[in-house]
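Undergrad: here's my sequence, what's the structure:
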Amino acid sequence: MAEIPLPSKKARLIFIDVMRGIAVLWMIETHVVDVVLKNYLKTGFIYNMVNLSNGFVAVSFLFCAGAGFWLAAMKKTDDYKHFRPPLWVYLRRLGLILILAYWLHFPALSFQKFMLLDSAGWLKFFECDILQTIVYSSVIALIILMLVPKIKYLPYIFGVLALIVFFTAPAVWNSDPLSVMPAFFGALFAKFPISKFPMFPWSGYFFAGAAFTAYFMAYENKKKLATILAITGLILTVGIFNFRFNLEFFPGAQDWWHCSPFHSIFRVSGAVMVFAFLFLIEKWYKDKWSGNILRLCGQESLYVYVGHNMLVYGSIANYGMRYMIGNRLDTLETSLLILGVCAAMYATALGWNILKERDIVKARIVMAALFALFVLIFLVNPA
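TA: Residues are numbered from 1 along each chain as shown. Down below sits the predicted model:
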């Protein structure tokens, strides 16, 4: 691998933000369809193709998280290793994401009820969702970064780690982590449906994103490499999918769609294809309104993720569409609702982004006030 170039401190790679923006907006489609579309309409060729594309949403989100980790770490490796302020800023951000991750699963808006949870309630609270996987994968990557003496070894370590996660996932799924671990730790490895995004195999997409981004950034002729990756990714995605029934032989892979390592490689191939394609056409969209919308949603992906989950699935602070609507809408109504949620998320994300850019202190005060209000209600609410 060539010497790794460090991006400038102010530079952002637009195509990665756009990829993250596409992922988080497509996630809205995935979740809204799941909750409001009539069940008998969830069939047919078009629905199956859309549902197949939905499988790449979380993968792309995690892949971009790994890419973001690599790009940030390359600028701040020395700061991280010497425990300078950027390390604590990064850990503080991970802490915020983790708080939001578990807040979305909070079972009761009352301390009294919270302390009376049964084992099923605690397990639901500790469920490993996509934000938990991002945070814990980031912590593992950070520890590796701080322990490895030379940065040039990191991409290889992350790549091998991704493969290890993918190929050991069937064994982990066939184990019973909750029988040997407390619920908090066991939920990180418990298979679907206990946890929707357990560390195996989902953390593998994070490490794959970091490894591929490192290799891509180090390559001198990025346009040539992106072309090769886009074509190779397309061939692998189509090829593996068409021969998927011949790839169920791996020991322990009970379900190709969930924990087969070849299914994970299929998904990584799709993510790499999109990654490369967006790089190749970046000049086409980077100054257009559509590109700006996607870039903003990518930069504010955490806000869009949390906000739309509250709208669709609800939280302890509000009822969601799952409760208010249910699976009662037809295709047109569902499509209009998807557009409405996307528009609402973009508009409020834009406002939040402007507030942070103009007055970060005020933005932090707003966040602190909302957190304090939640804690107060949680402590004094008897029921």
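Undergrad: for residue 251, helix, strand, or coil?
TA: With DSSP: H, G, I helix; E, B strand; the rest coil as the basis, the three-state label of residue 251 is coil.
Undergrad: pretty sure it is touching residue 169, no?
TA: No: if you go by Cβ atoms under 8 Å, residue 251 and residue 169 don't touch, sitting 11.6 Å apart. C-beta: built from backbone N, CA, C; applies to glycine.
Undergrad: which of the two has more neighbours?
TA: Ranked by neighbour count (other Cβ atoms under 10 Å), residue 251 and residue 169 place residue 169 first, with 28 against 8.
Undergrad: show me where the protein dips below the pLDDT cut-off.
TA: Low-confidence segments of the chain (pLDDT under 70): 1-12, 252-254, 383.
Undergrad: helix or strand right after the longest helix anywhere in it?
TA: Counting by DSSP state H, the longest helix found in the chain is helix 331-358. Once the chain leaves helix 331-358, the next helix or strand it forms, by DSSP states H and E, is helix 360-380.
Undergrad: phi and psi next, for residue 17.
TA: Main-chain torsions, residue 17, degrees, to the nearest 10: phi -60, psi -40.
Undergrad: my guess is it contacts residue 295, does it?
TA: Yes: using Cβ under 8 Å, residue 17 is in contact with residue 295, at 4.6 Å.
Undergrad: which stretches in the stretch 101-250 of the chain count as strands?
TA: Under the criterion DSSP state E, counting those that start in this stretch, the stretch 101-250 of the chain contains no strands.
Undergrad: helices along that one, start to end?
TA: Secondary structure of the stretch 101-250 of the chain (DSSP state H, counting those that start in this stretch): helices located at 111-115, 119-125, 130-147, 154-173, 183-189, 199-218, 222-242.
Undergrad: distance to residue 321 added to those, as a markdown table?
TA: Supplementary listing: those in a markdown table, determined by distance: least, Cβ to Cβ, whole Å:
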| stretch | distance to residue 321 |
| --- | --- |
| helix 111-115 | 24 |
| helix 119-125 | 20 |
| helix 130-147 | 19 |
| helix 154-173 | 31 |
| helix 183-189 | 26 |
| helix 199-218 | 25 |
| helix 222-242 | 31 |
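Undergrad: and these, which is most packed in?
TA: For the helices of the stretch 101-250 of the chain, the stretch with the most neighbours on average is helix 199-218, a mean of 25; neighbours defined as mean count of other Cβ atoms under 10 Å.
Undergrad: packing partners of that helix?
TA: Helices and strands touching helix 199-218, by 3 or more Cβ pairs under 8 Å, 6 or more residues apart in numbering; DSSP states H and E, are helix 57-81, helix 130-147, helix 154-173, helix 183-189, helix 222-242, helix 261-280.
Undergrad: C-alpha coordinates for that helix, CSV please?
TA: The C-alpha trace of helix 199-218 is given here as CSV (Å, rounded to 0.1, in the frame of the first residue of the first chain):
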residue,chain,number,x,y,z
MET,A,199,-21.8,-7.2,16.6
PHE,A,200,-21.6,-10.3,14.5
PRO,A,201,-21.8,-9.8,11.6
TRP,A,202,-22.7,-6.1,11.6
SER,A,203,-19.4,-4.7,13.0
GLY,A,204,-17.7,-6.3,10.0
TYR,A,205,-19.2,-3.7,7.7
PHE,A,206,-17.7,-0.9,9.9
PHE,A,207,-14.2,-2.5,9.6
ALA,A,208,-14.7,-3.1,5.9
GLY,A,209,-15.6,0.5,5.4
ALA,A,210,-12.4,1.6,7.3
ALA,A,211,-10.2,-0.8,5.3
PHE,A,212,-11.6,0.1,1.9
THR,A,213,-11.4,3.8,2.5
ALA,A,214,-7.8,3.5,3.7
TYR,A,215,-6.9,1.6,0.5
PHE,A,216,-8.8,4.0,-1.7
MET,A,217,-7.3,7.1,-0.1
ALA,A,218,-3.8,5.7,-0.5
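Undergrad: okay, angle between that helix and helix 154-173 too, please.
TA: What separates the directions of helix 199-218 and helix 154-173 is an angle of 160 degrees, with axes from the mean of the first three to the mean of the last three Cα atoms, to 10 degrees.
Undergrad: helix 199-218 vs helix 222-242, what angle?
TA: With the same axes, to 10 degrees as the criterion, the two stretches helix 199-218 and helix 222-242 enclose an angle of 150 degrees.
Undergrad: next one: helix 199-218 to chain centre, how far?
TA: Its chain's average C-alpha position is 12 Å from that of helix 199-218, according to Cα atoms, centre = their mean, to the nearest Å.
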